[in-house]
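need a structure here:
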Amino acid sequence: MIRPRWPSSLALVLGCGHEPSVVEPSPVEPSLLVRAEPTADPELASAAEQLAALAVYHDDFARAELYTWTTPAQLEQLRASRCLLHAEASTGQTSAFSLALQAIPRDGSAHAQIAELLVDHEALKRRRYAWPSGFATTLGLGSRRYGDVLIRIDLDPRSFVARFEPASDPPLTFVDMQGEAVTPERVLADPTRLAAVYHVGQTSPSEPAYREYVVCSEAMILAWSVATPEIAVRVEREIDMLVGLADSTLAQLPRAAVEQGAAIDWSTSTPIPAPPLAAWHASLAFDNLRYRPTPAGLRRIIAALRETRAGQPLIHDPRIEPCQR
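Next up is the predicted model:
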């Protein structure tokens, strides 16, 4: 089942990687995202419905529109090369995603073969981390942000998407963009259709649980874009939604409710509209204190979104102009 989402013309994906960069000042042109003060929606139900449209669950994760954060310096490299996917298992410090893939027993099974392809296959080994909403990753997972420039990624509707839960049996399951199950054998028959992996991770019991979309097939990217009016409008709508939540009863919950972990609401999709706190949890990528829906926490997220910058608009179709590595 594919859940309702915000209009595709406003689709936004805020990407996340686990090797964050410090956001440094850069002579990037002024952002297109200058805006008037938002008008808060006084109806919590309306904000909760918007949150529900951004929810992701372990049994409902096929998303064609994803977004990733980057820095102005990295954006200039992307503009020059037109190559969106760069990081590999051997790039820098090995990510938890790569380590988990490498830990799958190489027993010759279809799942093991696909795990190997995600590490070594020329068309699948490069990656970028993303999420279906900007606010949910704008503060980063750790102490630093991933950047203040937002890139939208549109995936081919023919794509396959994997769910990777390392502790599950099997650790990898697959769906198409309609949310229908796909067999591992079908993926192996055409591996470049594996556009992204919905990775459910936790580095250790003492660390916060997190989720991420790992975009891994350049062949399944219809387009990636930056600084477009559509992205500006989507960021503005997210800010308005958060302002409405900050003025609602969600931001006034008792401490015990606010401190409840988000991951408890990640497993199974729920009817719309979901309870406000459950909808908030289901929209999050990270289960840590930085994204608790307190007035101060919501203000920090809003402030970070308002710092989004972009420069000159760019919409890149990799099928027309392949990247230059």
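
Which residues does the spatially most central residue of the chain form beta bridges with?
For the chain, the residue nearest the mean C-alpha position is residue 131 (0.9 Å; Cα atoms, centre = their mean). Residue 131 has these beta-bridge partners by DSSP bridges: residue 67.

okay, now the nearest residue to residue 116 once chain neighbours are set aside: neighbour count?
Sequence neighbours aside, residue 106 is the residue nearest to residue 116 in space, at 6.9 Å (criterion: Cβ to Cβ, 6 or more residues apart in numbering). C-betas here are computed from N, CA, C, even on glycine. Residue 106 is flanked by 10 other residues according to other Cβ atoms under 10 Å.

measure residue 106 to residue 168 for me?
Distance, residue 106 to residue 168, using Cβ to Cβ, to the nearest Å: 18 Å.

ok, back up a step: pLDDT score assigned to the residue nearest to the centre of the chain?
pLDDT recorded at residue 131 is 98.

With the one 3 residues further on instead?
Here, the pLDDT recorded for residue 134 equals 94.

Quick check, it in contact with residue 232.
No: contact criterion Cβ atoms under 8 Å: residue 134 and residue 232 do not qualify, at 11.3 Å.

Looking at the two, which is more packed in?
Between residue 134 and residue 232, counted using other Cβ under 10 Å, residue 134 has the larger neighbour count: 26 against 21.

now the strands: where do they sit in the stretch 151-300 of the chain?
160-164, 172-176, 181-182, 194-201, 210-215, 221-226 (DSSP state E, counting those that start in this stretch).

What of the stretch 1-150 of the chain?
According to DSSP E, counting those that start in this stretch, the strands that the stretch 1-150 of the chain contains are 65-70, 128-130, 149-155.

what pLDDT, on average, does the longest one get?
Spelled out, that is strand 149-155. Computed over strand 149-155, the average pLDDT equals 97.

quick check: angle from it to strand 221-226?
Going by axes from the mean of the first three to the mean of the last three Cα atoms, to 10 degrees, strand 149-155 is angled at 160 degrees with respect to strand 221-226.

Now do the closest residue to residue 295 other than its chain neighbours against residue 196, distance only.
Using Cβ to Cβ, 6+ apart and skipping the chain neighbours, the partner closest in space to residue 295 is residue 251 (4.8 Å). Note on residue 251: its distance to residue 196, by Cβ to Cβ, is 32 Å.

Same check on residue 237?
Counting by Cβ to Cβ, the separation of residue 237 from residue 196 is 24 Å.

what are the ranges of the helices in this protein?
Along the chain, counting by DSSP state H, helices occupy 44-53, 72-81, 96-102, 110-120, 184-189, 229-246, 255-258, 276-283, 295-306.
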